[in-house]
Structure formats: C-alpha cells, structure tokens
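**Student:** got a predicted model here, sequence first, then my questions.
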Amino acid sequence: MNALVYRGLLLFFKNKQAVVGSFVGALIMIGLYVFLLGDSIVNQLSMLSNPQLVVDTWMLAGVIGIASASSTLGSVSQLIRDKERNVYTDFMISPVSKSKIMLGYFFSTFLISSIITLAVIIVSELYIVFLSDGVWLSLPNFGLLAIAGILTVFCSSSFMFFVASFFRRIDTFSTMTSIIGPLLGFLTGCYVPIGSLPEATQNVIQYFPLTSGVVLIRRVLTENAFASENAEAVQAIKEELGIVMNYQHEILIPVLILLVSSIVFLGIALWNVKRIEMKR
C-alpha cells in the first residue's frame, strides 16, 4: 500500500497539467471575485469599517475550499488511467488484498490534495496580511484552519473516490469532472453569497457534506475581519455570506458531518470496487 501511495504522489507531481488543473476551480473563484462580484459585495457591506478585508477573507476561504475539492479531481484520475491501461488489473491479481490496493489509491489522493490545500492556506494568509492589511492568525487558529482544510480534503477525496469507482475510461471521467468541478463550487456556496440564492437552493447547499468544511474554513479565516464590528450586523452578514448556517453555528456538527459522510463515501466505494471485480 505504501508503494502505491508513493507511486501516486510521484506520478501526479510529474504531470504538470494535472497540478495546474488542480487549481482551476480556485482560479475560477478568483476570476468571479475580481471581475464580477468583488466590488458589488464590498458596496453591500459599506456599513462595516473594513468591508474589503471581510470580502477578501470570505473569497479566500472559498478558494481554499474549492482547492481542497478540485485538487482531488486530478489526483484520483490516476486510478482511471490505470484501469484504462490495465495496470489496475495487474495490481488486482497480485497477492495484496483489493482493499489495501484501493486504500493505496485513496491515500495518495488524500496526501496530494492535503499538500495543495496547505499550500493554498499559506498563500491565502500571506495575501490577507500583506495585500489586504489584515492580521496574522494566531497559532491555534491557524492550526484550526489547517485541520478544517484537511477534514474537507478527506471528505472530498472520499467523495471523488466514490465517483471514480464507477469509471474505467479517462475521457469519460474527464468529461464528468469538468461538470463536477464547477458544480462543487456552486454546491458549497463559494461562487455567490448563499443569502442571495432561493431558499430551496440554500437548503440543498446547507446539507451538502462539503459545505460543512467550507463553513469551518470561513469561520476561522474571517474571524479577525469582524473583530471590531457590531454583533447584530455581523450575524446578519455572516448568514448572508454563508459563514454560519443554521446548525453550523456549532463546530461539532460540521465536523461530524464531514467525518461520517467521508466514511460512508469511502465504504461505498470499496464495496463497489469489490462488487465490480467479483463480476469480472
């Protein structure tokens, strides 16, 4: 299993297109902010003392969330390539158990996405401090931000691993990921403020598992931006921007949603792989 994890890391970071593709979702988010949404959201928050900092931290939290999800799309594609080239079949007829082989693929995806997400977190923090006139996160808060990012990666890796378990051709999977990538940004409320969407759409976003991870990231990253503002105004703005969402006022419930959904997706994926192999 360790050899498969190392192989996955090596192949991914040698593939420059896959590495760049992992940042496509984040670049879309930045483009929407810079060219379409940024100024209008800042104007809507003019009652705050520093609306630009609030919007910048909200946007960068979305970038981290999108990066943690979209980076799994590129890394999990190695599984599909191996299926198409029959390398996967060679692994499956080896004496190593099928579960260990699949977990090797999964953990390589998880580690790749974790590395990319942590890099995006560091760049986002530097942007906030040096370009948005924000302040450094405290060490405990930075640790919480990293944990929230890793939990989101774990959930998105499990979800994409589950999706990939149904595919055997890379061109079909690539078509699917071109749809899933932008859709994940919408379903996690990263592309537009959640409060501006219809109530039915808000309910879908709220109960989508990855939204819990994005909410946790937003709560930590935007905390300093609201430090000196009126409590009532802050609460309304946080609900509008999706920084807090009903049950997600508490930390425990989003964490449980991420962990439980991750285990469910991963369990179904492993079962699906065994079911397909038994039919062959």
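**Tutor:** Looks like it arrived, so ask away.

**Student:** so where's the stretch 101-250 of the chain uncertain?
**Tutor:** In the predicted model of the stretch 101-250 of the chain, residues 228-229, 246-249 satisfy pLDDT under 70.

**Student:** how close does the closest residue to residue 45 other than its chain neighbours sit to residue 182?
**Tutor:** Of all residues not flanking residue 45 in the chain, residue 51 sits nearest, at 3.7 Å (C-beta to C-beta, 6 or more residues apart in numbering). In this view, the C-beta of every residue, glycine as well, is placed from N, C-alpha and C. As judged by C-beta to C-beta, to the nearest Å, residue 51 and residue 182 stand 27 Å apart.

**Student:** check residue 58 too.
**Tutor:** Counting by C-beta to C-beta, the gap from residue 58 to residue 182 is 19 Å.

**Student:** and for residue 264?
**Tutor:** Noted for residue 264: a distance of 24 Å to residue 182, by C-beta to C-beta.

**Student:** can I get the CA coordinates of the host helix or strand of residue 205 in PDB?
**Tutor:** Element membership for residue 205 (DSSP states H and E) is helix 199-206. Taking Å, rounded to 0.1, in the frame of the first residue of the first chain, the C-alpha atoms of helix 199-206 are listed here in PDB:
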ATOM      1  CA  GLU A 199     -34.400  29.200  -0.100                       C
ATOM      2  CA  ALA A 200     -34.700  25.800  -1.700                       C
ATOM      3  CA  THR A 201     -31.200  26.200  -3.100                       C
ATOM      4  CA  GLN A 202     -29.900  27.300   0.300                       C
ATOM      5  CA  ASN A 203     -31.300  24.100   1.900                       C
ATOM      6  CA  VAL A 204     -29.500  21.900  -0.700                       C
ATOM      7  CA  ILE A 205     -26.200  23.800  -0.100                       C
ATOM      8  CA  GLN A 206     -26.600  23.600   3.600                       C
END
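
**Student:** picking that back up, my guess is the residue nearest to residue 45 meets residue 40, correct?
**Tutor:** No: under the criterion of C-beta atoms under 8 Å, residue 51 makes no contact with residue 40, lying 11.3 Å away.

**Student:** and the helix holding residue 205, what's buried?
**Tutor:** Residues of helix 199-206 classed as buried: 202, 205-206 (neighbour count, 16 or more other C-beta atoms under 10 Å).

**Student:** residue 58 and residue 182: which is more packed in?
**Tutor:** Looking at residue 58 and residue 182 with other C-beta atoms under 10 Å, you find the greater number of neighbours at residue 58, namely 23 against 16.

**Student:** quick one: secondary structure of that one?
**Tutor:** Following DSSP: H, G, I helix; E, B strand; the rest coil, the label given to residue 58 is helix.

**Student:** residues near the closest residue to it other than its chain neighbours, how many?
**Tutor:** What sits nearest to residue 58 in space, not counting adjacent residues and going by C-beta to C-beta, 6+ apart, is residue 241, at 5.2 Å. Residues near residue 241, counting by other C-beta under 10 Å, number 25.
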